[in-house]
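Novice: Quick one, what's the 3D model for this:
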Amino acid sequence: MGDVKFYLVEGRMLIRPHKMPEWWKFRKYVRALKPEHAVEKVLSELGSNHKIKRFHIKIERVVEVPPEQVEDRELLALANLTRWVRP
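Specialist: Below you'll find the predicted structure:
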């Protein structure tokens, strides 16, 4: 199994396609093994959080980034966990 890397996925998503369509830009940091896995994760999360279909999401760029450039503190904290503790 390979190393898990950080990826920055950028693109646009179509909000309210039937009423007043509007394209919103997004930037999302994710952890994945490959760029394809990062795209799949972003499509899944945006689709479930915003209730939009995958064909309303346009991925423009996928870039591997070093951990120092990741802006999502929760993602970094999760990546630095050494073990899970159950209460």
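Novice: For the rest of this, base every contact and every neighbour count on C-alpha atoms.
Specialist: Will do.
Novice: could you say what helices and strands the host helix or strand of residue 39 packs with?
Specialist: Per DSSP states H and E, residue 39 falls inside helix 35-50. Contacts defined by 3 or more CA pairs under 8 Å, 6 or more residues apart in numbering; DSSP states H and E place helix 35-50 against strand 5-15, strand 22-32, strand 57-65.
Novice: cutoff 7 Å now
Specialist: Where contact means 3 or more CA pairs under 7 Å, 6 or more residues apart in numbering; DSSP states H and E, helix 35-50 is packed against strand 22-32.
Novice: to the chain's geometric centre, what's the distance from the strand it packs on?
Specialist: In terms of CA atoms, centre = their mean, to the nearest Å, the centre of strand 22-32 is found 6 Å from the chain centre.
Novice: Can you give me the buried ones in the helix or strand of the chain with the lowest mean pLDDT?
Specialist: For the chain, scoring each helix and strand by mean pLDDT, DSSP states H and E identifies helix 73-79 as the least confident one, at a mean of 86. Using 16 or more other CA atoms under 10 Å as the test for burial, helix 73-79 gives residue 76.
Novice: try stretch 37-55
Specialist: Going by 16+ other CA under 10 Å, stretch 37-55 has these buried residues: 38-39, 41-43, 46-47, 52-53.
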